[in-house]
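**Q** Task: produce atomic coordinates for the following.
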Amino acid sequence: MYKIGEGRDRITFTSGKVVSSKKDVVIKISKNNGYNQNEEEIELYKMLKKDIPKKIDKYVAPILEYDNRYKWIIQQQSKQGSPPGASKQVIEKLENIGWTCSDIRPDNVGMIKNEPVLIDLGIGLRKCKI
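**A** Predicted structure coming up:
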């Protein structure tokens, strides 16, 4: 496992064989007892999956497994360093399905199969009110 990022509430690692037999995943582990960010991300993912079940992979990096107490998340790994305009593409894609996010920035966008996807669900992601 290799540390690839750290924020206020959690640390992100590449998976390695310690976490999963799959090579293309990351694990997001909550620091201390602060499960808020993982909980929010899991609950938002479940809402998106319910809303757009067969197309969710086109919009966000899939959450493959998670701890029911929100201690960790295993998510499909994306290629970091999205090209210019990728954040705007993700915003437009989400708006086209009735979702919006006020916190999409290059650090929150990755590439999977040459498509930009949101990799950090959370602040500002919500279903648009109609």
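**Q** so who does the residue nearest to Asp51 when sequence neighbours are not counted touch?
**A** Nearest in space to Asp51, with sequence neighbours left out and distances taken as CB to CB, 6 or more residues apart in numbering, is Lys127 at 7.0 Å. Every residue, glycine included, has its C-beta placed from N, CA and C. By CB atoms under 8 Å, 6 or more residues apart in numbering, Lys127 lies in contact with Met47, Asp51, Gly98, Trp99, Thr100.
**Q** so of those, which ones are in strands?
**A** Trp99, Thr100 (DSSP state E).
**Q** are any of the contacts of Lys127 buried, and which?
**A** Of all the contacts of Lys127 considered here, the ones buried according to neighbour count by 16 or more other CB atoms under 10 Å are Trp99.
**Q** In terms of helix, strand or coil, where does the nearest residue to Arg105 once chain neighbours are set aside fall?
**A** Leaving out its chain neighbours, the residue that sits closest to Arg105 by CB to CB, 6+ apart is Ser87, at 6.1 Å. Local secondary structure at Ser87 is given as helix here, using DSSP: H, G, I helix; E, B strand; the rest coil.
**Q** give me the number of residues near Ser87?
**A** The tally of other residues near Ser87 (other CB atoms under 10 Å) stands at 19.
**Q** For the chain, just list every one of the helices.
**A** Under the criterion DSSP state H, helices of the chain are mapped to 16-19, 36-51, 86-96.
**Q** could you dump those helices to TSV with mean pLDDT and distance to Val26?
**A** Converted to TSV, these look like this (pLDDT from 0 to 100; distance: least, CB to CB, whole Å):
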stretch	mean pLDDT	distance to Val26
helix 16-19	59	9
helix 36-51	91	12
helix 86-96	91	18
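**Q** Which of these sits closest to Ile123?
**A** Ranking the helices of the chain by their distance to Ile123 (criterion: CB to CB) puts helix 36-51 first, at 8.0 Å.
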